[in-house]
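Asks: need a structure here:
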Amino acid sequence: MVIGSFPLGKVAVFAVKRISTPFSKLLLHVGKHSPLFRRVVIHPPGQLYHIMETRSKMRMLHLPQPRKIPPLTDPQATRLGANILSEVFVVLIGLGLIFFELMRQMRKDKKLHNDHTEKRRSIDERLAKIDLDVERHEKEISWLKKHLNVEEFCEEFCEQKEE
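Replies: Okay, here's the model as predicted:
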């Protein structure tokens, strides 16, 4: 497991697992004292899990599927439903942490992309300005060559240097 090499990750996973135990006990306690909560929230996941588990075991053993699977007793369904809901709670915490990390990473990438775009725009503006300056200087040089007749000046300068 990759998380084994990260001690802080191990601690976080252990903490989340430890949180699920009191949550499961809380669900069991509420389920024992509130029949409506037990019947509406806790029993359906427990009974559904029992039915799915029984059907899958029968399928793996290549036995015929029963038409009706006998339901679990109230204490068994309460315990199983509370355990399932506590595991769902742990999974939701994990998914929430993954979602939070993805959003944080997306904001970071977007900021980085915006910074790169701004730098690129700045460089493009500077390059356009340099292009304009080069074009202006080329025009000035051609004007100077045209009006000053540079070749004559070079010949005179070369003659003066030889003397």
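
Asks: What pLDDT does the model give residue 82?
Replies: pLDDT, the model's per-residue confidence, is 88 for residue 82.

Asks: who touches it in this structure?
Replies: 24, 25, 27, 28, 31, 42, 46 (CB atoms under 8 Å, 6 or more residues apart in numbering). No exception for glycine: its C-beta is placed from N, CA and C like everyone else's.

Asks: now those residues in TSV, with pLDDT and distance to residue 117?
Replies: TSV is the format used below for these (pLDDT from 0 to 100; distance: CB to CB, whole Å):
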residue	pLDDT	distance to residue 117
24	78	50
25	81	53
27	82	50
28	82	55
31	82	55
42	90	53
46	93	54
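
Asks: and the gap between residue 121 and residue 108?
Replies: Applying CB to CB, to the nearest Å, the value for residue 121 to residue 108 is 21 Å.

Asks: what does residue 26 give?
Replies: 37 Å.

Asks: ok, now residue 23?
Replies: Counting by CB to CB, the gap from residue 23 to residue 108 is 32 Å.

Asks: I am finished for the moment; much appreciated.
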